[in-house]
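Engineer: Here is a sequence together with a model predicted from it:
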Amino acid sequence: MTSTRETAFTVNGRAVRLDLDPRESLLDVLRERLALTGTKKGCDHGQCGACTVHLDGRRIVSCLTPAVQVDGRRVTTIEGVAEPGGDLHPLQRAFVDHDALQCGYCTPGQVMSGLGCIAEGHAGDDDEIREYMSGNLCRCGAYPGIVAAVRQAATGERDG
Ligand code: FES
Ligand code: FES
C-alpha cells in the first residue's frame with residue numbers, strides 16, 4: 001500500500017489541497033481529479049508536448065511531473081490563459097487568425113508552449129520559434145500556422 005501525501009498548490013489562481021499518491025502525475029491530477037481536461041494526454045512519456053502547462057511561469061510537461069512535486073507552487077493550465085473577461089488571449093486569437101489547428105488535440109499544449117517560447121525571448125524569428133517549439137508535435141501538420149501565430153503574438157502584428 002502506498003501512503004498519500006497532502007499537497008497544496010494553486011491552479012489558475014485557485015487554491016487546491018489534495019491527498020495524492022506520489023505516483024500520480026500532475027497531468028492525471030489535473031484531468032481526473034480537478035476536471036481540467038483542456039490539458040491533453042498524448043504520449044504520456046514526455047515526447048509530444050500535448051500536456052504542457054506552466055509551473056511558476058515556466059513550461060513543463062505535466063505527464064512527467066509527479067503531482068506531489070508542485071506542493072506550494074503555482075500551476076497554470078490552458079483554462080487559465082484567457083483574459084479575465086473571457087476574451088481570448090492574444091496568442092489564442094492568433095491561433096484562430098492563422099488556422100493553426102485542425103483536430104485541435106495538440107493545441108492547448110501548443111498555446112502553453114508558445115506562451116513560454118515568447119516569455120523566454122525565443123520567438124525572434126521563424127527558425128527560432130520552430131526550434132523552441134520543437135517539443136510540441138502536431139499530427140495534423142499545422143506547423144506553418146502555429147509558427148505564424150507565435151510570431152504574431154510575439155510581435156503584436158497581424159499579417160494582411
Ligand atoms: Fe506529456 Fe506527451 S502527454 S509529453
Ligand atoms: Fe491535430 Fe495538432 S491540430 S494534432
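Structural biologist: Thanks, I have the structure now. Numbering: from 1, shown residues only. Ligands and ions are numbered 1, 2, ... in the order given.
Engineer: all helices of this structure, in order?
Structural biologist: Under the criterion DSSP state H, the chain contains helices at 26-28, 90-97, 107-119, 126-132, 143-155.
Engineer: can you put those helices in CSV and add mean pLDDT and distance to residue 58?
Structural biologist: C-beta: built from backbone N, CA, C; applies to glycine. Listed next are the helices of the chain as CSV, based on pLDDT from 0 to 100; distance: least, Cβ to Cβ, whole Å:
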stretch, mean pLDDT, distance to residue 58
helix 26-28, 98, 13
helix 90-97, 98, 16
helix 107-119, 98, 7
helix 126-132, 98, 13
helix 143-155, 98, 17
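Engineer: who wins for proximity to residue 8 among the ones you listed?
Structural biologist: Closest approach to residue 8 among those (Cβ to Cβ): helix 26-28, 13.8 Å.
Engineer: Contacts for the closest one, please.
Structural biologist: For helix 26-28, the external contacting residues (Cβ atoms under 8 Å, 6 or more residues apart in numbering) are 39, 41, 44, 51, 53, 62-63, 65-67, 69-70, 75.
Engineer: Out of those, which are close to ligand 1?
Structural biologist: For ligand 1, the contacts drawn from the contacts of helix 26-28 by Cβ under 6 Å from any ligand atom are 41, 44, 51, 63.
Engineer: among those residues, which two are most distant?
Structural biologist: That would be 44 and 51, which, of these, are the farthest apart (Cβ to Cβ) at 7.8 Å.
Engineer: So for the closest residue to residue 70 other than its chain neighbours, what's the pLDDT?
Structural biologist: Closest residue to residue 70 apart from its sequence neighbours, by Cβ to Cβ, 6 or more residues apart in numbering: residue 9 at 4.6 Å. Residue 9 carries a pLDDT value of 98.
Engineer: which residues does residue 9 bridge with?
Structural biologist: On the basis of DSSP bridges, residue 9 is bridged to residue 16.
Engineer: so what's it up against?
Structural biologist: Residue 9 is in contact with 15, 16, 70, 71, 72, 73, 74, 75, counting by Cβ under 8 Å, 6+ apart.
Engineer: now, which of these sits nearest ligand 2?
Structural biologist: Within the contacts of residue 9, the smallest distance to ligand 2 is 22.9 Å, found for residue 75 (Cβ to the nearest ligand atom).
Engineer: Near ligand 2, which residues of this structure? Just list them.
Structural biologist: Residues of the chain lying close to ligand 2 (Cβ under 6 Å from any ligand atom) are 101, 102, 103, 104, 105, 106, 107, 138, 139, 140, 142.
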